[in-house]
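>>> please work out how this folds:
(chains A, B, C and D)
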Protein chains: 2
Amino acid sequence: MQTDCRNCPFKTIATSMLSECSLDQLSNNHLELKLKKGESIIKQGTYSTNVVFLRTGLAKIHIAGPYTEQIVKMVNAPSYLGLPTTFGSKINQYSVTAVSDAEVCYIDLEVFQNILDENKEFTREIIQEFCKNELESFNRCANRTQKLIRGNMADAILDFADKIFKSDSFTLPLSQTEFANLVDTSRESVSRVLAEFDKDGIIKVNGRQIDILNKKSLILVSQNG
Amino acid sequence: MQTDCRNCPFKTIATSMLSECSLDQLSNNHLELKLKKGESIIKQGTYSTNVVFLRTGLAKIHIAGPYTEQIVKMVNAPSYLGLPTTFGSKINQYSVTAVSDAEVCYIDLEVFQNILDENKEFTREIIQEFCKNELESFNRCANRTQKLIRGNMADAILDFADKIFKSDSFTLPLSQTEFANLVDTSRESVSRVLAEFDKDGIIKVNGRQIDILNKKSLILVSQNG
DNA sequence: TATAGATTGTGATGCATATCACAAAATAAT
DNA sequence: ATTATTTTGTGATATGCATCACAATCTATA
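Predicted coordinates for the structure are as follows:
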């Protein structure tokens, strides 16, 4: 299915800087797909020469660790996916899976590379993106390894509220097992800490529905455990 | 001090793809410095608009975690340093420190950006580099958080041997405290595990001199703890 | 609407490793 | 050389959290 990228209402900042010509090239060389919650977008170990544009929806990036699957981070639209793994190697080095219904566009690497070559502003934005990701990656890793579970859980909840849903009330798009993989802990601990936060009046938990009641406390927990 | 970058024998793959013109631009717009072991190259929290080229020597990238300083990774020459933090923000988001005597070139961000704009091949290589780093970052984080100390220590030792020194005999360029910050553990544990590995005949430890005696065992420990 | 499978809640136990506390070496500074 | 400072070795103790075990829900699917 080919749609006109010029009129796509879901452009990233980078994409909005493309020349008409490059947008046309994109239009003619992408495959648009509607995915349902839980469907795979990129699969680790699989051969691929496509960059993916997440047009709408929410996805998790996850990687097979030495013992368990680790959720590296959550990504919401609009965003490019799989740049590191597609540029770096023909075999995908991590997986991306939709955690909500989503629309994605598969773009051939050669086309993407060509667009990079021809659009300086676009390239700058993409490089900015890489830099931001690398910094976030450093910080996330330092936090995860140094903070106690309560701190990491608080971080994750704040992240969902501020970065993903932009609201202090939301329904977790992950099971407790997945949530555990995101904050590097066990499923049981997730359950316990969520109950603790609820008992302390910091959040209200109702199934997967989470309402932040006392954000200041939550930030304090994030800082001190 | 301005030297001619054309004749610099320490180019990265990326740099070797620059046009004569861009090389001249580099030559006229960089500051070359000789640093001694322990001296700071980039300092977190400090204002900077320079990209750094590590011409010779070995450096550590480190970041202030919530509780302790974490060594993110070791980098040896030739390599660019500080791209993520310089592109992303004017304030350095992490530190880089020489752990051996080193030569570095400071390049103004504007000049570097201009060189990116004018050299497609160079840009491709730099992007490749970003991709490689991000993948490594994902894996390093998954390993660090999931593996036990012995596994992470084994990884670090193998990394020094294979990636940094390209030899199974080397002297650690870090104190045990720093080594602990690299593998996310305590100084005491580093001491103990090093003694264990020695006792088991996997490595020979003599002060900071390390000789890998049984690489297969070391790899096994890396995989299974 | 019944039934199987997945998800969640919660106690009891064990373990890896941090922390504390010093002593012994090794380096650096005077 | 001598003293001060940093680095390292090693035992004892404490603790955060994983793991195990099983019951209670909740959710798909026949």
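>>> pop the domain breakdown of chain A in here.
The record's domain parsing of chain A by automatic domain parsing lists A:5-142, A:147-224.
>>> will you turn those into TSV that also has mean neighbour count and mean pLDDT?
Glycine gets a C-beta too; all of them are placed from N, C-alpha and C. Listed next are these as TSV, based on neighbours: other Cβ atoms under 10 Å in any protein chain shown; pLDDT from 0 to 100:
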stretch	mean neighbour count	mean pLDDT
domain A:5-142	18	95
domain A:147-224	17	97
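>>> among these, which is nearest chain B?
Among the domains of chain A, the nearest to chain B by Cβ to the nearest Cβ is domain A:5-142 (3.7 Å).
>>> the closest one and chain B, are they touching?
Yes: under the criterion of Cβ under 8 Å from any Cβ of the partner chain, domain A:5-142 makes contact with chain B via A:61, A:63-68, A:70, A:72, A:83-85, A:87-88, A:93-94, A:113, A:116-117, A:120, A:123-124, A:126-128, A:130-135, A:137-142.
>>> can you list contacts of stretch A:26-45?
A:1-6, A:18, A:48, A:52-55, A:57, A:59, A:63-64, A:81-82, A:85, A:91-108, A:111, A:115 (Cβ atoms under 8 Å, 6 or more residues apart in numbering or on different chains).
>>> filter those residues down to the ones close to DNA strand C.
The subset of the contacts of stretch A:26-45 within reach of DNA strand C, by Cβ under 7 Å from any atom of the strand, is empty.
>>> quick one: which of those residues sit in helices?
Using DSSP state H, the subset of the contacts of stretch A:26-45 located in helices is A:85, A:111, A:115.
>>> does the spatially closest residue to the last one that is not a sequence neighbour belong to a helix, a strand or coil?
Distance criterion Cβ to Cβ, 6 or more residues apart in numbering or on different chains; nearest residue to residue A:115, sequence neighbours excluded, is residue A:22 at 4.8 Å. With DSSP: H, G, I helix; E, B strand; the rest coil as the basis, residue A:22 sits in helix.
>>> contacts only, for residue A:22.
A:115, A:118-119, A:122.
>>> farthest-separated two in those residues?
A:118 and A:122 (8.3 Å; Cβ to Cβ).
>>> would you list the ones in helices among the contacts of stretch A:26-45 in a markdown table and tack on distance to residue A:169?
Output for these, formatted as a markdown table (distance: Cβ to Cβ, whole Å):
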| residue | distance to residue A:169 |
| --- | --- |
| A:85 | 34 |
| A:111 | 41 |
| A:115 | 39 |
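>>> could you verify my assumption that residue A:13 touches residue A:125?
Yes: using Cβ atoms under 8 Å, residue A:13 is in contact with residue A:125, at 5.6 Å.
>>> before we move on, the earlier item: okay if I get the domains of chain A as a markdown table plus distance to DNA strand D?
Shown next, in a markdown table, are the domains of chain A (distance: least, Cβ to the nearest atom of the strand, whole Å):
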| stretch | distance to DNA strand D |
| --- | --- |
| domain A:5-142 | 7 |
| domain A:147-224 | 3 |
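>>> could you find the closest non-adjacent residue to residue A:208?
Using Cβ to Cβ, 6+ apart, the nearest residue to residue A:208 is residue A:172, at 4.3 Å.
>>> so who does the one you found touch?
A:160, A:179, A:208-210.
>>> residue A:219 belongs to a helix?
Yes: assessed by three-state DSSP, residue A:219 belongs to a helix.
>>> what about the nearest residue to it once chain neighbours are set aside, is that helix, strand or coil?
Closest residue to residue A:219 apart from its sequence neighbours, by Cβ to Cβ, 6+ apart: residue A:158 at 6.9 Å. Assigned by three-state DSSP, the conformation of residue A:158 is helix.
>>> so residue A:158 makes contact with residue A:220?
No: under the criterion of Cβ under 8 Å, residue A:158 makes no contact with residue A:220, lying 11.2 Å away.
>>> does DNA strand C sit close to the lengthiest helix in chain A?
Of all the segments of type helix in chain A, defined by DSSP H, the longest one is helix A:120-146. No: Helix A:120-146 does not reach DNA strand C (Cβ under 7 Å from any atom of the strand); its nearest approach is 9.1 Å.
>>> now for that helix, which elements pack on it?
Here helix A:120-146 touches helix A:109-118, helix A:149-159, strand B:58-64, strand B:69-76, helix B:83-88, helix B:109-118, helix B:120-146, going by 3 or more Cβ pairs under 8 Å, 6 or more residues apart in numbering or on different chains; DSSP states H and E.
>>> among those, which comes closest to residue B:200?
It's helix B:120-146; of these, that one is closest to residue B:200 (Cβ to Cβ) at 21.2 Å.
>>> possible to save the domains of chain A as a markdown table with distance to residue B:32?
Shown next, in a markdown table, are these (distance: least, Cβ to Cβ, whole Å):
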| stretch | distance to residue B:32 |
| --- | --- |
| domain A:5-142 | 25 |
| domain A:147-224 | 40 |
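>>> so which of those domains comes closest to residue B:225?
Of all the domains of chain A, domain A:5-142 comes closest under Cβ to Cβ, at 9.2 Å.
>>> contact residues of chain A facing DNA strand C?
Within reach of DNA strand C by Cβ under 7 Å from any atom of the strand, chain A has these residues: A:175-177, A:187-188, A:191-192, A:194-195, A:205, A:208.
>>> residues contacting the residue nearest to residue A:65 when sequence neighbours are not counted?
Nearest residue to residue A:65 in three dimensions, chain neighbours excluded: residue B:142, at 3.7 Å (Cβ to Cβ, 6+ apart). Listed by Cβ under 8 Å, 6+ apart, the contact set of residue B:142 reads A:63-66, A:70, A:72.
>>> swap the cut-off to 7 Å and go again
Contacts of residue B:142 were listed using Cβ atoms under 7 Å, 6 or more residues apart in numbering or on different chains, and they are A:63, A:65, A:70.
>>> and if you look at residue A:190?
A:176, A:179-180.
>>> tell me the centre residue of chain A?
For chain A, the residue nearest the mean C-alpha position is residue A:75 (1.6 Å; Cα atoms, centre = their mean).
>>> who's in contact with the closest residue to that one other than its chain neighbours?
The shortest distance from residue A:75 to any residue other than its chain neighbours is 5.1 Å, reached at residue A:59 (Cβ to Cβ, 6+ apart). Shown in contact with residue A:59 (Cβ under 7 Å, 6+ apart): A:41, A:75, A:81, A:96-99, A:102.
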